[in-house]
Structure formats: structure tokens, C-alpha cells
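Asks: Return a 3D structure for these sequence lines:
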Amino acid sequence: MFKKVMKKLWTLNVFDWSIFKICLIALSLMLATLVPALVQVKRWIYAVIAVVTYIYVLWRLFIKK
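Replies: Residues are numbered from 1 along each chain as shown. Got it, this is the predicted structure:
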């Protein structure tokens, strides 16, 4: 499975990498909401962004040919 994912990573384009980066940013912002003084936005917004981008990345890596 690891080799398949590594092979598939080379097929990602710039848009796919940007979606992956947005996913990582959303996850880190979700963690930042644990310290409410730093981030004032509600946590569910970051959760929705993280889930949507994570599903897209998984779709690109495993399902799309």
C-alpha cells in the first residue's frame, strides 16, 4: 500500500498539492482552537474544511485513475 501511495503522489498536479496543503492548514487550525486566545473562529468551520479536503486527497490517491 505504501508503494502504491508513493507512486500515486508523483501524479498529483499543483491544484492537488494546494488542496493537500489546505487540508494540513485546516487540521493545524483545528488544533489551534484548543487555545481560544489565539484563534477566535469556531472549530466546526475548520473541521468541515479538513474533512472535505481530506476526502478529496484520499479520492485522488486511491480512487481516481
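
Asks: show me where the protein has helices.
Replies: Ranges of helices in the chain, per DSSP state H, are 2-9, 14-32, 43-58.

Asks: Export these as CSV, with columns for mean neighbour count and mean pLDDT.
Replies: Just so you know, the C-beta spots here come from the backbone N, C-alpha and C atoms, and that holds for glycine as well. Shown next, in CSV, are those (neighbours: other CB atoms under 10 Å; pLDDT from 0 to 100):
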stretch, mean neighbour count, mean pLDDT
helix 2-9, 10, 76
helix 14-32, 14, 82
helix 43-58, 15, 82
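
Asks: Could you check how far the most centrally placed residue in the chain is from Leu34?
Replies: What sits nearest the mean C-alpha location of the chain, by CA atoms, centre = their mean, is Cys23, with 2.1 Å. Distance from Cys23 to Leu34, counting by CB to CB, to the nearest Å: 18 Å.

Asks: so who does Val5 touch?
Replies: Residues near Val5 by CB atoms under 8 Å, 6 or more residues apart in numbering: Leu61.

Asks: I should have written Arg43 there, sorry.
Replies: Met30, Thr33.

Asks: at 6 Å what do you get?
Replies: Counting by CB atoms under 6 Å, 6 or more residues apart in numbering, Arg43 makes contact with Thr33.

Asks: OK, contacts around the residue nearest to the centre of the chain?
Replies: Contacts of Cys23 (CB under 6 Å, 6+ apart): Thr53, Tyr54, Val57.
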